[in-house]
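Asker: When you get a sec, could you give me coordinates for this:
(4 chains, ligands or ions: 2)
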Amino acid sequence: MSNLEDLYREIILDHYRSPRNRGELECPPAHRIEGFNPLCGDEITVYVAADGATLSDIKISGHGCSISQSSASLMSAAVKGKPIADVRATIDTFKRLMTVHESNLDDEQEPEPVDLRALGELAALQGVVKFPVRIKCATLAWNTLAQGLDELSN
Amino acid sequence: MSNLEDLYREIILDHYRSPRNRGELECPPAHRIEGFNPLCGDEITVYVAADGATLSDIKISGHGCSISQSSASLMSAAVKGKPIADVRATIDTFKRLMTVHESNLDDEQEPEPVDLRALGELAALQGVVKFPVRIKCATLAWNTLAQGLDELSN
Amino acid sequence: MSSYDPHRVRADVPLLRRVIDGHPITYLDSASSSLTPRPVIEAMSRYYELRHANVHRGVYTTAEEATAAYEGARVAVGEFIHAAHPSEEIVFTKNTTEGFNLLVKSWGRANLRSDSVVVLTEMEHHANLVPWFQLREEVGFEIRYIPVGDDFRLDLSNLDALLDGASIVSFSAMSNVLGTKNPVERIAAAGHAAGALVAVDAAQSVAHSVTDVQSSDVDFMSFGAHKMMGPTGIGAFYAKRALLADMPPFLGGGGMIADVRLDGYTPAKGVERFEAGTPMIAEAVGMHAAVRYIENLGLAAIAEHERALTADALGRLRERFAGRVRVIGPSDVHDRGGVLSLDVDGIHPHDVAQVLDQHGVCVRPGHHCAKPLMRRFSLPATARASFGAYSLREDTDVLLDGLDHVIELFG
Amino acid sequence: MSSYDPHRVRADVPLLRRVIDGHPITYLDSASSSLTPRPVIEAMSRYYELRHANVHRGVYTTAEEATAAYEGARVAVGEFIHAAHPSEEIVFTKNTTEGFNLLVKSWGRANLRSDSVVVLTEMEHHANLVPWFQLREEVGFEIRYIPVGDDFRLDLSNLDALLDGASIVSFSAMSNVLGTKNPVERIAAAGHAAGALVAVDAAQSVAHSVTDVQSSDVDFMSFGAHKMMGPTGIGAFYAKRALLADMPPFLGGGGMIADVRLDGYTPAKGVERFEAGTPMIAEAVGMHAAVRYIENLGLAAIAEHERALTADALGRLRERFAGRVRVIGPSDVHDRGGVLSLDVDGIHPHDVAQVLDQHGVCVRPGHHCAKPLMRRFSLPATARASFGAYSLREDTDVLLDGLDHVIELFG
Ligand SMILES: Cc1ncc(COP(=O)(O)O)c(C=O)c1O
Ligand SMILES: Cc1ncc(COP(=O)(O)O)c(C=O)c1O
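Answerer: Ligands and ions are numbered 1, 2, ... in the order given. Model prediction:
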């Protein structure tokens, strides 16, 4: 059994209590994507605006637990103003961080070790992998953003 | 566990080896009713002819195990030429004989004791109740005949 | 005074000896699935050890025994809900949900037209919603909902108008979110008066109070074993004999046929028409053992015990967390079961449950498969604590201390 | 030489210690249902004793453990048949039969039209016939049958013509009546060449030889745990990931949804779309244990053991009962499993089985849910003896002595 402290790090509680980039963007020009976690009822709406190859703005609304909310807030801070290619790379890295545990269930190849330094504040979420049911909370915003990027590029 | 001798009495083996009233009747005037036992694949066809209130003739064809065949043969001998009301009574008595065991499974009221003497040779089939799966073999012909009498009276 | 002793039940439930993170387990999730007493576990083990065989088609000794055990379970389950013809009115399903699929896709598909009306309630579990939606996509009938009032009870003031022209009214005897017990007899009578058939979701009620399909005049009922101290993988669907006789087959395969030819098939006549393939034999044995176990405890005694626990918990939650913890459900124990959906002061139920886990407390966060009801009360989710026959006042103590910690951490 | 020792398996199977009417049990009905070894029984008991909880929606420890156990079982079952994506291609069903209903009523209803063609065989179990008949009543497509030759094998001489225009070919890997093993790879390749999808009924084969859905390129497969030393009440349906993704829901209810509103619902995306309601959790744990048990024995070793038993029994039946006992199935062990359907000299199989029961011998009389095949050979029924991993040459000794008694009594 892991400790609550692994899950509820101070940074996480901080982003939960004071979420960054909360709100909406006008669509169009921005793009609006909804994400659901059917298991716990979490709902998130991600608004993204692109300026050429840059993710120029992002806003988040919706509701959910401290993990899904803080992960969305941390994500918004990490990707805003970044080149879309880098955002995709960050999404990949983050999702690899979150699949370490799930891979025990499956026979897919071991993921490469994740470079935690590259993740900055996001690394605070690594404790989530010790709580398998919460992984879906942490990845909700990320999957929603990934879907948004796919739609943007279509 | 009951003995095979309870099931395969000499009379039963005799009716199995030399079935009475085997064959078909022309329809119409006779009536033809088919019975199935889906569990074991037994199939029986009963031909009945009525003359007023009398079951004037009966023939049996089909195939099945020694119990279903001998029961059909014993039945045909017991009912041929009898008033239809008496035939119905015999059917009832026989089916009561066969439900003694099944009633243990259900909460329906205890059946009245069956008068074995009234059944004559048919009483040889009473050992069947000790072999619950075989009850359906023994009653196949009787259920088919009962259905035939219902159709006759419609 | 009842001599009911939950400690005797606890002694029978091995899982209650688990220690979670240094804390003895405090199991408050019986509405989701109940814990299994040793006699149920052992009945299934003994079945596999002594008499396992496929049913219905064997003449050898263990096949006869397995068949008798399976059919005996059917009768016991039928008697448990006071069916008039226990051996002919119970179909074994894999869970409550399959029972509703059977109802909708057999009875519903045969009887509903585009101008038909089906009446449900706003507090239904998805099991009694989605199958109707699936058939509506095909057939196109109207669904009306009996509304839920702000007192967390069905608002029956318009019942007759809602039932006007309805073919069926299908509703839960007890809500798995609110704990509300609905007036089955009253709704059944109104339904029949309007010419509708009456289906009841008894998943939450069947292990907590007496069920009598005859006295309450219910036409169809579905419930599952795993919420009644029985095994997973089995439930029961009840239909009045005359209604069952007219229902077309549901799933197809072996065991449900009278004949099969290359050009078609003839379905079997009785309950077996609805049991395609090898049934849940060991599970039926386990469900039978669970029925016996509950009957030995006594449903009235269980109901009384849980009512006392619920009254105590409602009172203490109010005293200790006034304003900070809201119970989403009736505030008194009148027509109410031991299900307490908690809304903790803006703290997400997921987080509530996570912190409680560290205290060994098992509660369930989420929408509890009743999303329309959650929307009705503008809640994404609740943290639900629920009692069973083995629950104690002390379980509430641990829950309340855990809630203090939750509020301290996130408040 | 294999070091396979059936006596070690027997030591694990409690039921083999039963004494019937003074005789130790001679279990020859594994094709109907296999006996359950202690590790499987104990895995389920331990699950109920230590970690039972509802899956998927809980954050507390035992709910996480139960979920991990359930999803772990899915992966193990997927790996067992060499699925490319074990966690995404296995749907748990209640039995083999439900798997075919899922295939027909989800994939079939979405893809078949009145001018479609479905190819089956004359040796199919009702599980792979009746669901197609049910959908045909609604949709009206053509069903063609690959015929069975007098050598009790599929007659593939016209295969390409039969497959012409077909949407799917669905057939059993091994007949539960004849013991015939069909050439899965060959039929799959011909099916795909004709543009048809390929579904395999692996109920009889999966516990007796290696199954590899990738190397044999099968699109859909169904099988059940109770014929592979696992529990009743659970089976597995396999579909290639890309095909599963496009299949509409089957049963509706909790757990299979992404969202539910009063006016409709959105189904979930993955395997859970096909698992409505609380799943068979303990049963999945048991099926996992059975997979491990069989893998430890080694499928190649089991196959070799059963082949030797079958060759011996075929030879001795021929020698001792020449003309009086006919085996309805291939006369040699090439592409053939350990299922021996006996036709005893005009004596009804029901009577054969009844007399054998007095010797403690368990064989199954009947049409074995393959009525069209029985008609093909003008037989109402057979008495079927079948081998499992725990069977011995001595079992055949007792069977043969019993047959002597049968012939003596009725001959
Ligand atoms: C070839 C075959 N298919 C399907 C089935 C059906 O399996 P179940 O009864 O477990 O659904 C069986 C066994 O009865 C079988 O032998
Ligand atoms: C009221 C109600 N109906 C139906 C169900 C569905 O039961 P199951 O998941 O066993 O099918 C549940 C429990 O989840 C319930 O609480």
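Asker: C-alpha only now, for contacts and for neighbours.
Answerer: Will do.
Asker: Distance check, C:Asp246 against ligand 2.
Answerer: Distance, C:Asp246 to ligand 2, by C-alpha to the nearest ligand atom, to the nearest Å: 25 Å.
Asker: Pull the number of nearby residues for residue 31.
Answerer: You didn't pick a chain, so chain A it is. Using other C-alpha atoms under 10 Å in any protein chain shown, A:His31 is surrounded by 18 other residues.
Asker: nope, chain C please
Answerer: 29.
Asker: got the contact list for it?
Answerer: By C-alpha atoms under 8 Å, 6 or more residues apart in numbering or on different chains, the contact list for C:Ala31 reads C:176, C:204, C:227, C:339, C:386-388.
Asker: What does C:Ala203 show for phi and psi?
Answerer: In terms of degrees, to the nearest 10, the main-chain angles of C:Ala203 are phi -50, psi -40.
Asker: Let me fix that, I meant to ask about C:Met174.
Answerer: The phi/psi pair for C:Met174 (degrees, to the nearest 10) is phi -150, psi 140.
Asker: ditto for C:Val59
Answerer: Dihedral angles for C:Val59 - degrees, to the nearest 10 - are phi -110, psi -10.
Asker: wait, doesn't it sit right on D:Arg364?
Answerer: Yes. Between C:Val59 and D:Arg364 there is a contact under C-alpha atoms under 8 Å: 7.2 Å.
Asker: Please identify which of these two sits among more neighbours.
Answerer: D:Arg364 (31 against 27).
Asker: What pLDDT is listed against the more buried one?
Answerer: D:Arg364 is assigned a predicted lDDT (pLDDT) of 95.
Asker: tell me the phi and psi of it?
Answerer: Dihedral angles of D:Arg364 (phi, psi; degrees, to the nearest 10) stand at phi -110, psi 120.
Asker: Mind jotting down where the helices sit in chain A?
Answerer: Along chain A, the segments classed as helices by DSSP state H run A:4-7, A:10-17, A:66-79, A:84-99, A:132-152.
Asker: now the contacts of C:Ala31 in CSV, with pLDDT?
Answerer: Below are these laid out as CSV (pLDDT from 0 to 100):
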residue, pLDDT
C:Asn176, 98
C:Gln204, 98
C:Lys227, 98
C:Val339, 98
C:Ser386, 98
C:Phe387, 98
C:Gly388, 98
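Asker: Now do C:Arg17 against D:Arg51, distance only.
Answerer: The spacing between C:Arg17 and D:Arg51, counted by C-alpha to C-alpha, to the nearest Å, is 11 Å.
Asker: any idea which of the helices of chain A is most buried?
Answerer: helix A:66-79 (a mean of 25; mean count of other C-alpha atoms under 10 Å in any protein chain shown).
Asker: Can I get that one as CSV, trimmed to CA atoms?
Answerer: Once non-C-alpha atoms are left out, helix A:66-79 reads as follows in CSV (Å, rounded to 0.1, in the frame of the first residue of the first chain):
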residue,chain,number,x,y,z
SER,A,66,-8.2,16.7,-7.4
ILE,A,67,-6.1,14.5,-9.6
SER,A,68,-7.9,15.1,-12.8
GLN,A,69,-8.2,18.9,-12.1
SER,A,70,-4.6,19.3,-11.0
SER,A,71,-3.4,17.3,-13.9
ALA,A,72,-5.4,19.5,-16.3
SER,A,73,-4.0,22.6,-14.7
LEU,A,74,-0.4,21.3,-14.7
MET,A,75,-0.9,20.3,-18.3
SER,A,76,-2.2,23.7,-19.4
ALA,A,77,0.8,25.4,-17.8
ALA,A,78,3.2,23.0,-19.4
VAL,A,79,1.9,23.3,-23.0
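Asker: so that helix versus helix A:132-152, what angle?
Answerer: Angle of helix A:66-79 versus helix A:132-152, following axes from the mean of the first three to the mean of the last three C-alpha atoms, to 10 degrees, is 40 degrees.
Asker: what packs against helix A:66-79?
Answerer: helix A:10-17, strand A:54-63, helix A:132-152 (3 or more C-alpha pairs under 8 Å, 6 or more residues apart in numbering or on different chains; DSSP states H and E).
Asker: still on that earlier bit, between the helices of chain A, which gets nearest to ligand 2?
Answerer: helix A:132-152 (18.6 Å; C-alpha to the nearest ligand atom).
Asker: and the closest one, what does it pack onto?
Answerer: strand A:31-37, strand A:42-51, helix A:66-79, helix A:84-99.
Asker: since we're on C:Asp332, how many residues are nearby?
Answerer: 13.
Asker: Distance of it relative to C:Thr310?
Answerer: Distance from C:Asp332 to C:Thr310, by C-alpha to C-alpha: 9 Å.
Asker: circling back to that earlier point, redo the helices of chain A as CSV? Include mean pLDDT.
Answerer: CSV is the format used below for the helices of chain A (pLDDT from 0 to 100):
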stretch, mean pLDDT
helix A:4-7, 83
helix A:10-17, 88
helix A:66-79, 92
helix A:84-99, 90
helix A:132-152, 89
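Asker: circling back to that earlier point, dump the helices and strands packed on helix A:132-152 to a markdown table, plus distance to C:Ala84.
Answerer: Below are the helices and strands packed on helix A:132-152 laid out as a markdown table (distance: least, C-alpha to C-alpha, whole Å):
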| stretch | distance to C:Ala84 |
| --- | --- |
| strand A:31-37 | 44 |
| strand A:42-51 | 45 |
| helix A:66-79 | 52 |
| helix A:84-99 | 54 |
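Asker: Select, out of those, the one closest to B:Gln147.
Answerer: Of all the helices and strands packed on helix A:132-152, strand A:31-37 sits nearest to B:Gln147, with 58.0 Å by C-alpha to C-alpha.
Asker: List the pairing partners of the closest one within its sheet, with orientation.
Answerer: Using DSSP bridges, strand A:31-37 pairs in its sheet with strand A:42-51 (antiparallel).
Asker: Show me which residues of the strand it pairs with are buried.
Answerer: For strand A:42-51, the neighbour count (16 or more other C-alpha atoms under 10 Å in any protein chain shown) marks A:42-50 as buried.
Asker: For the closest residue in space to C:Thr93 that isn't next to it in sequence, the count of nearby residues, please.
Answerer: Excluding its sequence neighbours, the residue lying closest to C:Thr93 (C-alpha to C-alpha, 6 or more residues apart in numbering or on different chains) is C:Gly235, at 4.8 Å. Taking other C-alpha under 10 Å as the criterion, the count of residues near C:Gly235 is 29.
Asker: With C:Val200 instead?
Answerer: Using other C-alpha under 10 Å, C:Val200 is surrounded by 23 other residues.
Asker: Kindly report the same for C:Arg8.
Answerer: Counted with other C-alpha under 10 Å, C:Arg8 comes out at 11.
Asker: Distance-wise, check it relative to C:Glu295.
Answerer: 15 Å.
Asker: Repeat that for C:Ser106.
Answerer: Separation of C:Ser106 from C:Glu295 (C-alpha to C-alpha): 32 Å.
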